[in-house]
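Chemist: only geometry, no sequence info:
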């Protein structure tokens with residue numbers, strides 16, 4: 001089978017235990033306002049154009065009808081004409097153009113992952129499937145995990161919990177570790193911030209807990225969006241009610257690395273959000289009443 005991916009990143013240290021290779025998939029049914037991988041949201045291939053790195057050499061002009069050169073030798077891209085063919089990426093000597101999204105067979109992906117088996121064995125690492133949302137490509141993801149397990153590779157999945165119960169059940173049966181994103185509890189606010197309600201997400205988590213799956217709850221906390229006193233109280237209550245059903249909970253402070261990607265994709269830039277690391281101590285203190293083991297990402 002094939003999967004639509006946009007990157008295979010090696011030597012990852014924050015996508016599960018040990019040294020890991022993370023397979024980033026294209027396509028996500030959520031539209032989180034703070035997404036740090038916005039190139040993962042659209043399931044179709046997209047061109048990431050980093051215009052401030054362009055020297056105006058013009059090597060891509062003859063390859064693409066979506067390009068034009070201004071009188072100031074500034075390269076312009078008409079995204080209404082761009083078909084994401086990728087020819088400009090190959091022509092550019094400065095990586096100004098980057099195609100995000102291509103199809104790869106599961107055997108091809110596994111070959112890249114398996115090259116680092118010695119590192120997984122010595123560090124307790126393995127393969128992590130991330131996104132986008134793995135549940136958006138369920139059959140291919142399950143095939144990839146099954147093949148990796150046959151090679152003795154530990155597998156983890158970063159998910160927002162929006163997939164089918166059967167998908168999560170089968171992944172759990174394969175021994176997958178779930179890095180389960182919990183973006184909020186309040187239904188109205190969750191819908192406003194992500195584009196979907198939390199009911200399916202909470203149901204998926206409870207199903208995995210009932211099956212005894214290995215789960216790490218990851219909480220992307222964003223100043224001004226999902227970190228009010230009431231938000232944190234609801235989160236603490238939610239964790240307390242499920243205490244013992246997951247390994248630990250990880251606070252993931254907001255960072256602004258996705259903003260430049262939004263600019264490169266030609267999308268609207270949101271209002272500035274403060275760096276979440278300055279709020280991590282307050283968040284951790286507010287969630288301590290849950291009784292859950294708490295960690296802060298990156299520390």
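Modeler: Nice, thanks for sending it over. Quick caveat, the model's predicted, so the values are computed rather than measured.
Chemist: any low-confidence regions in this structure?
Modeler: 299 (pLDDT under 70).
Chemist: what are the structural domain limits within it?
Modeler: 2-42+105-296, 46-100 (automatic domain parsing).
Chemist: give me the distance between the helix or strand containing residue 172 and the centre of its chain.
Modeler: Per DSSP states H and E: residue 172 is located in helix 165-173. In this view, helix 165-173 has its centroid 19 Å away from the chain centroid, taken as CA atoms, centre = their mean, to the nearest Å.
Chemist: what's the answer for stretch 6-21, then?
Modeler: 12 Å.
Chemist: quick check: buried residues in it?
Modeler: 6-7, 12, 15-21 (16 or more other CB atoms under 10 Å). C-betas here are computed from N, CA, C, even on glycine.
Chemist: count of neighbours near residue 61?
Modeler: 15 (other CB atoms under 10 Å).
Chemist: that one: what's it in contact with?
Modeler: 67-69, 75 (CB atoms under 8 Å, 6 or more residues apart in numbering).
Chemist: hmm, 7 Å instead?
Modeler: 67, 69 (CB atoms under 7 Å, 6 or more residues apart in numbering).
Chemist: ok now stretch 50-68, how far from the chain's centre?
Modeler: Using CA atoms, centre = their mean, the offset of stretch 50-68 from its chain centre is 29 Å.
Chemist: quick one: contacts for the spatially most central residue of the chain?
Modeler: Centroid-nearest residue in the chain, with CA atoms, centre = their mean: residue 131, separated by 3.9 Å. Applying CB under 7 Å, 6+ apart to residue 131 gives the contacts 24-25, 28, 40, 158.
Chemist: the helix or strand harbouring residue 129 vs helix 165-173, what angle?
Modeler: Under the criterion of DSSP H and E, residue 129 resides in strand 126-130. Here the directions of strand 126-130 and helix 165-173 differ by 170 degrees (axes from the mean of the first three to the mean of the last three CA atoms, to 10 degrees).
Chemist: show residues contacting strand 126-130.
Modeler: For strand 126-130, using CB under 7 Å, 6+ apart, the contacting residues are 12, 15-16, 18, 20-25, 113, 120, 141, 144-145, 148, 153-158.
Chemist: for it, what is the distance to the chain centroid?
Modeler: On CA atoms, centre = their mean, the centre of strand 126-130 falls 11 Å from the chain's centre.
Chemist: got the buried residues for the helix or strand just after it?
Modeler: Next in sequence after strand 126-130, counting helices and strands by DSSP H and E, comes helix 138-150. The neighbour-count criterion (16+ other CB under 10 Å) identifies 138, 140-145, 147-149 as the buried residues of helix 138-150.
Chemist: next helix or strand past helix 138-150?
Modeler: Next along from helix 138-150, by DSSP H and E: strand 154-159.
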